[in-house]
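J.: A predicted structure for the sequence below; I have some questions about it.
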Amino acid sequence: MNTHYFRSLPARYRAGFRNYYTLQNLISIRNSSVVFLLINVLLRVLIWVLPVSLSKAQNFPEVTFTNWLYIVITPVFYGVSEFLLKRIKKTKKAGASMILFVFIFSFYLIMAGMYSAFIATSDPRNALTIYLIALCIISVMCVFEYDEVIIMIILIETIYTGLLFFASADATTMLYDQLISIILLSGFYLISRYFYSYKATYFLQLIEIRAKNIEIEKAAVFKNQVLGMVAHDLRNPIAAVESLAMMMELDDDLSEDTLDSVSMIKASCVKARSIISDLLEAAKNENLNTIELHKTELNQWLKGIINMWKIQKDLKNNIVLKSSVNPIHAGINNEKFQRVLDNLISNAMKFSKEKDNIELHLDQQGDKLTVKVKDHGLGIPKDMIPHIFERFSKAGRTGLKGEQSTGLGLSIVKQIVQSHKGTIVVESEEGKGTTFVIELPVVA
């Protein structure tokens, strides 16, 4: 933390910090006004309730006068602080009247404590106790520039000296009380500047964080623009290469080795398209705050997903639905949630043997429903499980048939599930299979 005992913040931050701490000062004054008023009201009630022989209130008419004075004046400070708070929240700027108001209230509170102690005891030594408390409260509660603190110290010391003369203190007592007052005011200055430095450091950190956030947002927008251009520019040549490969396959004069090479080209094109789609989906979901959800009956919806997989001619696994609730509804975005299921089903197939079942389980627990995608394949090693939802995860593995992984699929799945106000966890045991469990709110 940088200290500012004899200087202010650099000029470029000064106006912003003044606006910030003036708002905080006004809030503190509003709250302090309430507390100070309650203390004086309580004192007035005690004077009324307690017998005169115990309170001896008749011996201290000055106390009665000042007590009523505080009860009348303090609500005014409360009302003005409320007015100025509304004004600063609207304009976002601290005016000179607000700064002066904070100064006057702080001076009023210190003088109230000091004068009350003097008239109650007529003993300056006893007055120092509440004098110290008042100084500490103001130094912690309000933030002042160093020149404002110096002006306040001069005024306080002047008033304190006048009260010593008013109390008819002897020369020796006055000398020692003045020395103690100077020590207390020096402490007040140091404490006030320390809290100024603390709050200034906090303010500068906020400024830095906001600037970094703006940079990050700009970088994210730029990254998404670049990804969009890359995807657009890459898809066309990849499609052209794939078309040429398909045309070459029609040539009966190609050798077997050439046909194998053409098949590899086609497979590489499919893989490239998949990587581009994953990158675009990851970028698109990154800034996903709200999506359009529709009330959907999940039994029929999951059957539709299964039917779409079954019409694929190269499907080697059997996909089955096991539901314990029918009907049951959830709010989902059909397109995005289908991507979740497609990703989990394709992962299950990637690590399952041919003819193995891929099971979809649908259950309800209270106001939550669960969708499970379960396979009986290789399972996931324990050391990989904590990392499988990370972007570009190192937990990506080659499938049983040589399928490659981009490390993006499951991170996209998690993003989409969370955008549905749901959660996803994985349960797996090597050699016995893996189950992904999605939990979503039930829609009545």
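T.: All right, it came through fine.

J.: Can you show me the helices along the stretch 251-400 of the chain?
T.: 256-286, 298-310, 334-350 (DSSP state H, counting those that start in this stretch).

J.: Report the rounded mean pLDDT for the first one.
T.: Average pLDDT, helix 256-286: 74.

J.: do the shortest one as well
T.: Taken as a whole, helix 298-310 carries a mean pLDDT of 89.

J.: Also the last one?
T.: Mean per-residue pLDDT for helix 334-350: 87.

J.: ok, L302 touching H361?
T.: No. The criterion here is CB atoms under 8 Å, and L302 misses it with H361 at 9.8 Å. Just so you know, the C-beta spots here come from the backbone N, C-alpha and C atoms, and that holds for glycine as well.

J.: what do the two both touch?
T.: Residues touching both L302 and H361 (CB atoms under 8 Å, 6 or more residues apart in numbering): S323, V371.

J.: tell me the most buried of the helices of the stretch 251-400 of the chain?
T.: helix 334-350 (a mean of 20; mean count of other CB atoms under 10 Å).

J.: Report the angle between it and helix 256-286.
T.: Relative orientation of helix 334-350 and helix 256-286, computed by axes from the mean of the first three to the mean of the last three CA atoms, to 10 degrees: 140 degrees.

J.: what packs against helix 334-350?
T.: With contacts taken as 3 or more CB pairs under 8 Å, 6 or more residues apart in numbering; DSSP states H and E, helix 334-350 sits against helix 298-310, strand 357-365, strand 368-374, helix 409-419, strand 433-441.

J.: at 7 Å what do you get?
T.: Under the contact definition 3 or more CB pairs under 7 Å, 6 or more residues apart in numbering; DSSP states H and E, helix 334-350 sits against helix 298-310, strand 357-365, strand 368-374, helix 409-419.

J.: So which of these is nearest I110?
T.: Smallest distance to I110 across the helices and strands packed on helix 334-350 (CB to CB): 53.2 Å, for helix 409-419.

J.: per-domain residue ranges of the protein.
T.: 11-215, 235-286, 294-441 (automatic domain parsing).

J.: ranking these by mean pLDDT, which is last?
T.: Taking the mean pLDDT of the domains of the chain, domain 235-286 comes last: a mean of 77.

J.: quick one, phi/psi of the spatially most distant residue from the centre of the chain?
T.: Most distant from the centre of the chain: D253, at 65.5 Å, with distances by CA atoms, centre = their mean. Dihedral pair for D253: phi -90, psi 0, per degrees, to the nearest 10.

J.: In contact with L155, which residues?
T.: The contact partners of L155, taken as CB atoms under 7 Å, 6 or more residues apart in numbering, are F107.

J.: Give me the nearest residue to F351, chain neighbours excluded.
T.: Excluding its sequence neighbours, the residue lying closest to F351 (CB to CB, 6 or more residues apart in numbering) is G377, at 4.0 Å.

J.: Please name the residues that touch that neighbour.
T.: Per CB under 7 Å, 6+ apart, neighbours of G377: A348, F351, S352, K353, D356, G433, T434.

J.: ditto for E439
T.: E439 neighbours (CB under 7 Å, 6+ apart): K368, T370, G422, T423.

J.: Nearest to L184, out of those residues: which one, please.
T.: Nearest to L184 among the contacts of E439, counting by CB to CB, is T423 at 57.6 Å.

J.: tally of neighbours for that closest one?
T.: 14 (other CB atoms under 10 Å).

J.: now it, nearest residue through space, not along the chain?
T.: That would be E439: by CB to CB, 6+ apart, it lies 4.9 Å from T423.

J.: distance of the one you found from V371?
T.: 8 Å (CB to CB, to the nearest Å).

J.: Which parts of the stretch 1-150 of the chain are helices?
T.: Under DSSP H, counting those that start in this stretch, the stretch 1-150 of the chain gives helices at 11-49, 52-55, 61-91, 96-121, 124-141, 146-166.

J.: And the ones you listed: which comes nearest F337?
T.: Evaluated with CB to CB, the helices of the stretch 1-150 of the chain place helix 61-91 nearest to F337, the distance being 42.0 Å.

J.: tilt between that closest one and helix 96-121?
T.: Using the same axes, to 10 degrees, helix 61-91 lies at 160 degrees relative to helix 96-121.

J.: Just the buried residues of helix 61-91, please?
T.: Neighbour-count burial for helix 61-91, with 16 or more other CB atoms under 10 Å as criterion, is recorded at V63, T66, N67, Y70, T74, F77, Y78, V80, S81, L84, L85, I88.

J.: returning to that earlier point: can you give me the distance of the residue nearest to F351 to Y196?
T.: G377 sits 64 Å away from Y196, going by CB to CB.

J.: Over to I332?
T.: Separation of I332 from Y196 (CB to CB): 53 Å.

J.: hang on, the earlier thing: can you redo the helices of the stretch 1-150 of the chain as a markdown table with distance to V340?
T.: Output for the helices of the stretch 1-150 of the chain, formatted as a markdown table (distance: least, CB to CB, whole Å):
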| stretch | distance to V340 |
| --- | --- |
| helix 11-49 | 44 |
| helix 52-55 | 75 |
| helix 61-91 | 43 |
| helix 96-121 | 54 |
| helix 124-141 | 53 |
| helix 146-166 | 59 |
